[in-house]
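*Asks:* Here is my input; please provide its structure:
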Amino acid sequence: MLAALALAQPAQLGPRPFYLLDCLEAGLLHNRLTTCAAHTDTYPRSPLAIGHRGAALFFPEHTREGYLTAVRQGAVFVECDAVPTKDGALVCRHSDRDLAETTNILTTQLATKCRKGFQPGHKPDCRTTDLTLPEF
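*Replies:* Okay, the predicted model is just below:
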């Protein structure tokens, strides 16, 4: 329902694109993007606008907040990589093996579920397939 409400609203860019524009070196691309930035009140939605894993410049990938922000920014589709949990449920994640890099799992009780926990000099191995849906 929230996505339908977001689609009914004009697309919003938010502050991040303007920050990136301000940091961009002067030149043709900067000039062209500056022209586009002047027309944000009429930013159109495009059927080709895809939120790749949500709105990663604003929220972590594959989160509810990231998906809603992508839609609010004009995405008509949101891409989701589906991976299974230990009990066979499908959840949206970029990779089965990246929980230690993309979540706070190592600071929770779920760290005991990781195949390899944190050890200095070694990469932890925390997988979606090691967690049940309620744990995820």
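*Asks:* can you count the residues close to residue 73?
*Replies:* 21 (other CB atoms under 10 Å). Heads up, the C-betas are built off the backbone N, CA and C, glycines and all.
*Asks:* scratch that, residue 36
*Replies:* As a burial measure, residue 36 scores 12 neighbours (other CB under 10 Å).
*Asks:* Tell me which residue is most central in this protein.
*Replies:* With distances taken as CA atoms, centre = their mean, residue 61 lies nearest the centre of the chain, 2.5 Å away.
*Asks:* Is that one within a helix or a strand, and which one?
*Replies:* Residue 61 belongs to no helix or strand when assigned by DSSP states H and E.
*Asks:* Phi, psi for residue 113 please.
*Replies:* Backbone torsions of residue 113, given as degrees, to the nearest 10, read phi -80, psi -20.
*Asks:* Contact partners for the spatially closest residue to it that is not a sequence neighbour?
*Replies:* Among residues not flanking residue 113 along the chain, residue 130 sits closest, at 4.9 Å (CB to CB, 6 or more residues apart in numbering). Counting by CB atoms under 8 Å, 6 or more residues apart in numbering, residue 130 touches 86, 113-115.
*Asks:* Make a PyMOL selection of the buried ones in those.
*Replies:* Listed next is the PyMOL selection for buried residues among these, using 16 or more other CB atoms under 10 Å:
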select buried, resi 113+114
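*Asks:* Out of the contacts of residue 130, list just those in helices.
*Replies:* Using DSSP state H, the subset of the contacts of residue 130 located in helices is empty.
*Asks:* And stretch 50-70, end to end?
*Replies:* With CA to CA, to the nearest Å as the measure, stretch 50-70 spans 8 Å from end to end.
*Asks:* next one: stretch 96-108
*Replies:* Taking CA to CA, stretch 96-108 runs 18 Å from one end to the other.
*Asks:* Could you check how far residue 38 is from residue 21?
*Replies:* Per CB to CB, to the nearest Å, residue 38 is found 11 Å from residue 21.
*Asks:* Hmm, I typed the wrong one, I wanted residue 115.
*Replies:* Distance of residue 115 to residue 21, computed by CB to CB: 43 Å.
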